[in-house]
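Asks: My questions are about this predicted structure, shown below with the sequence.
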Amino acid sequence: MTDRTDPGETAEIWRGLKVMWEDGLLGPTVFDRSYRGLESVVSAMKDLQARYVWGKAVVLLEHGRYGSRL
């Protein structure tokens, strides 16, 4: 709601965040468990539903293992 009441404050916040990003002080928040392969998707979805996951959950796929089967 800050942007509606004080657009200048919003601009100042974004300038500060930009500096922090450029200085490497900010980074992504990624869940500390790795989900590997398509067989782990069910487990990942259950963890999301139960709110065990914080940040971003990533499912890693091995190159070439899950090719097209047309």
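Replies: Yes, it's here.
Asks: Tell me how many other residues crowd Arg51.
Replies: Arg51: 7 surrounding residues under other Cβ atoms under 10 Å. C-beta coordinates here come from the backbone N, C-alpha and C atoms, glycine included.
Asks: Equivalent analysis for Arg33, please.
Replies: 14.
Asks: same question, Phe31
Replies: 16.
Asks: do the one 4 residues further on as well
Replies: Applying the criterion other Cβ under 10 Å, we find 20 residues in the vicinity of Tyr35.
Asks: residues contacting it?
Replies: Counting by Cβ atoms under 8 Å, 6 or more residues apart in numbering, Tyr35 touches Val41, Ser43, Ala44, Ala57, Val58, Val59, Leu60.
Asks: Roughly how far does it sit from Glu62?
Replies: Using Cβ to Cβ, to the nearest Å, Tyr35 is found at 13 Å from Glu62.
Asks: One more: Thr10?
Replies: 43 Å.
Asks: neighbour-wise, which of these two wins?
Replies: Legend: neighbour count by other Cβ under 10 Å for Thr10 and Glu62, higher for Thr10 (14 against 9).
Asks: any idea of the pLDDT on the more buried one?
Replies: With respect to pLDDT, Thr10 scores 91.
Asks: Name the nearest residue to it, ignoring sequence neighbours.
Replies: Asp3 (4.3 Å; Cβ to Cβ, 6 or more residues apart in numbering).
Asks: where does the one you found land in three-state SS?
Replies: helix (DSSP: H, G, I helix; E, B strand; the rest coil).
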